[in-house]
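In: Quick one, what's the 3D model for this:
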Amino acid sequence: MTDLYIAKDEMAGKKVEISDISIRDGLQSLETVIDTYTKVKYLEGLILAGFKRMEATNYGHPKFVPFFPDATEVLKRLLNSETKGPDGRMIGEMMKRNGGDVELTAVTIHESGAERAFKDFDAGYGPDRILQMTSTCPEHQRANSGKTHDQYFAMTEQTIKAAHSRGMVVNGTVSTIWGSPFEKFNKQYSMEDKLNIAITFVKRYLDCGADDIELADHDGSVTDYHKSYEFFNRVLDPLEMGTGPDGRDYSDPNLYIAHFHTKNMASALRNAAAALKAGIIRFESCMSGIGGQPANTVDGVTIEGRDGDYYSDHFNHGLISTEDMVTMFHEIGVNTGINQEMLMALGNGFRSDVVDMFAGKQKKFNRPSMPCRSFMLTNGKLPESVTKLYAG
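Out: Okay, the predicted model is just below:
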């Protein structure tokens, strides 16, 4: 039995928070634009199933990230939604902006995106939380943002101040922790080096004032879940992380969110189990296990600036499946706050309306597509390589 065996009585009743990011991270990986109605429909469904945090959209420039031309409209519709939940409250009333407890995040990697988010927020319908992202790999950093590390952190620090002045929350994402799509980085540094670099980035983001940190395996580089366990143990170690200039305990588990992309969904689930055992209590996922690097084309037309992009096989690097992760946690005895029956019904609808629809569209033009990768939706059970971590 693995040395990372998880005893069910060890986790029974433990509370975790799962943020579903299907409508942002998931949809950006499909080579087509999904309509606003469908986006809002599934965001509302996730809220009704019990999700309190979601990435709703991306404020990237529509010319370069054309999947979210309706960023403002999606947020407006949610804030004004009259769809009612089981308790009779309307979705709009559940929004944090309206006094509820549902937090909406928008990605704003560049200054222009943050400015759009601030404009919408000031007008009464912007996101509660924005996300900035840096990569430990310099080449990946430049490909995503066009900036060096120092340039990006300088920009982020100013963005955080502007967001906090409005009462907005800011997430700082640290990507390529265990490896990068750029082999130069992988060959230059050992795994120990990579994890050491990532720790310095986490502290730097927190020193800039970031409210929480997404810890991301960008492309399935962490194939050995022991390395996942090792890293998350380190970020939760008070002696290693210390106390920030603002007095925050940098080992507080509420500061961190685990985010696993992978070619192998079972590997992602094992990484999540390892992170849970290490003490992580916040996770991100996508329905059907889709998501990842933004697609390079839309309906067969190459997006400006993305011809020959570094991540052309994006259909093989989806995010960990929401349906599978919720199932795994429930089997361990962990409290997710999610209605699993409602989630599975919603997941089947999403697979049909979005994933299968896209696959059919691509097939007509002999183009590849991203399949549903959820074990629960395709097989009705989790693989033994996952359940052996806790079954028995």
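
In: Can you pull out the low-pLDDT segments for the protein?
Out: Residue ranges of the chain with pLDDT under 70: 1-2, 307-312, 392.

In: Identify the residue nearest the geometric centre of it.
Out: Central residue of the chain (C-alpha atoms, centre = their mean): Glu284, 4.6 Å from the mean position.

In: was I right about it contacting Glu17?
Out: No: the pair Glu284 / Glu17 is not scored as a contact, 9.7 Å apart, by C-beta atoms under 8 Å. In short, each C-beta sits where N, CA and C put it, glycine included.

In: quick one, what contacts the residue nearest to the centre of the chain?
Out: Contacts here follow C-beta atoms under 8 Å, 6 or more residues apart in numbering; on that basis Glu284 touches Ile18, Ser19, Asp20, Ile21, Asp25, Glu55, Glu214, Ile257, Ala258, His259, Leu319, Ile320.

In: go again using 6 Å as the cut-off
Out: Ser19, Ile21, Ile257, His259 (C-beta atoms under 6 Å, 6 or more residues apart in numbering).

In: Tell me which two in these are the farthest apart.
Out: Spatial extent of these (C-beta to C-beta) is set by the pair Ile21 and Ile257 at 10.0 Å.

In: Show residues contacting the top helix by length along the chain.
Out: Ordering each helix of the chain by length in residues (DSSP state H) puts helix 191-208 first. Helix 191-208 has contacts (C-beta under 6 Å, 6+ apart) with Thr136, Thr156, Glu157, Ile160, Gly172, Val174, Ile177, Ile213, Phe231, Gly244, Tyr250.

In: quick one: contacts for the last one?
Out: For Tyr250, the contact set (C-beta under 6 Å, 6+ apart) comprises Leu206, Met241, Gly242, Gly244.

In: more neighbours, Ile21 and Ile257?
Out: Ile21 (27 against 22; other C-beta atoms under 10 Å).

In: now the more buried one: how far from Leu43?
Out: Noted for Ile21: a distance of 11 Å to Leu43, by C-beta to C-beta, to the nearest Å.

In: what's the answer for Ile332, then?
Out: 27 Å.

In: Among the two, which residue is more densely surrounded?
Out: Leu43 (27 against 22).

In: May I have the phi/psi pair for the more buried one?
Out: phi -60, psi -40 (degrees, to the nearest 10).

In: residues contacting it?
Out: Counted by C-beta under 6 Å, 6+ apart, Leu43 has contacts Ile23.

In: Go again with 7 Å.
Out: Ile23, Met54, Ala56, Leu78 (C-beta atoms under 7 Å, 6 or more residues apart in numbering).

In: now swap in Lys381 and tell me
Out: So Lys381 contacts Phe375 (C-beta under 7 Å, 6+ apart).

In: three-state assignment of it?
Out: Secondary structure, DSSP: H, G, I helix; E, B strand; the rest coil: Lys381 is coil.

In: can you offset everything so residue one is 44?
Out: That works, and once the first residue is 44, the last one we named lands at Lys424.

In: ok, now how distant is it from Gly332?
Out: 15 Å.

In: Then Asp267?
Out: For Asp267, the distance to Gly332 - C-beta to C-beta - is 20 Å.

In: Repeat that for Thr345.
Out: 26 Å.

In: Mind checking which of those two has more residues around it?
Out: Set Thr345 next to Gly332 and count neighbours by other C-beta under 10 Å: Gly332 wins out with 33 against 12.

In: No further queries at this time; thank you.
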